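Asks: How does the following fold in three dimensions:
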Amino acid sequence: MADESRGYGTVAGKFYSTNDGGRSWIERKLPEIVYADHLFFLTPDLGWVSGGGGVGGNDFFVLRTVDGGRDWEVSGGTPPQGPADVRDLFFLDPQRGWLVTWGYNDDGSYLYSTVDGGKHWTADPDLSFQGKGKFANAVRFTSADRGFVFFSEGGHSSLAYTTDGGRQWHKQSLPRLVFNCQVFEGDLLCSSAEGFRLLTVRPR
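Replies: Below you'll find the predicted structure:
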């Protein structure tokens, strides 16, 4: 939900919106995307939907709307390794965003960023936390400079973090595998294994 009355959802390649708190929903077909993986709205009007599509499903697509889902702009990219799903999608502001793709089998995950609201996406060159055998679940930025990627490698949970907007990344181990995170009052509140646990990260 973007506010008390307006909310959005996806099922496969369809987009749903409500203006009455969920009592009724309007259905629309999403262009290009065969299956929507993630949805992220900054405001009731401005949002993005990401997922796979294209011939053979080898590409990922990101759709941007500025009118609550009535119209969409389409951008895309081809992951370095084979078919991919979009594992996570996050925008800090209307221009800066990040997404993580997952390849099939052991192809690993890759981080992409945009500085123009999702029109173009650039792959991060640092392979210390990306690529074969490395799988990221979540990417979050708490400011333009400070960002976090939660990933696993060889059965171990790790955190990649940057303090300069992604020009350099550093790694540290984590006690638990992180599945998803939300930014709350400058902290990251993350769901983690095993069972349901909450891992709080307080950036310094």
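Asks: give me the low-pLDDT residue ranges for this structure?
Replies: Scanning the chain for pLDDT under 70 picks out the ranges 53-58, 80-83, 195, 204.
Asks: The most centrally placed residue in it and Gly155, how far apart?
Replies: Centroid-nearest residue in the chain: Leu89, 1.4 Å away (criterion: CA atoms, centre = their mean). As judged by CB to CB, to the nearest Å, Leu89 and Gly155 stand 26 Å apart. To be clear about C-beta, it is placed using only N, CA and C from the backbone, and glycine gets the same treatment.
Asks: Likewise for Ile26?
Replies: 44 Å.
Asks: related to what we said a few turns ago, I'd like the secondary structure assignment at the residue nearest to the centre of the chain, please.
Replies: For Leu89, the reduced secondary structure class is strand; criterion used: DSSP: H, G, I helix; E, B strand; the rest coil.
Asks: Quick check: which element contains the closest residue in space to it that isn't next to it in sequence?
Replies: If the residues on either side of it in the chain are set aside, Leu89 comes closest to His38, at 4.0 Å by CB to CB, 6 or more residues apart in numbering. Secondary-structure element containing His38, defined by DSSP states H and E: strand 33-41.
Asks: Ok, Asp3 next?
Replies: With elements delineated by DSSP H and E, Asp3 resides in a region that no helix or strand encompasses.
Asks: neighbour-wise, which of Ile26 and Gly155 wins?
Replies: More neighbours surround Ile26 than the other of Ile26 and Gly155, with 12 against 6 (other CB atoms under 10 Å).
Asks: how close does the residue of the chain most remote from its centre get to Val178?
Replies: The outermost residue of the chain relative to its centre, with distances by CA atoms, centre = their mean, is Arg23 at 27.8 Å. Spatial separation of Arg23 from Val178 under the definition CB to CB is 35 Å.
Asks: Quick check: beta-bridge partners of the closest residue in space to Thr78 that isn't next to it in sequence?
Replies: Once its chain neighbours are removed from consideration, Thr78 has its nearest residue in Asp59; the separation is 5.3 Å (CB to CB, 6+ apart). On DSSP bridges, the residues paired with Asp59 through beta bridges are Gly53.
Asks: could you pull out the helices for the protein?
Replies: Using DSSP state H, the helices of the chain do not appear at all; there are none.
Asks: separation between the residue nearest to Thr78 and Ala84?
Replies: Where Ala84 is concerned, Asp59 sits at a distance of 8 Å (CB to CB).
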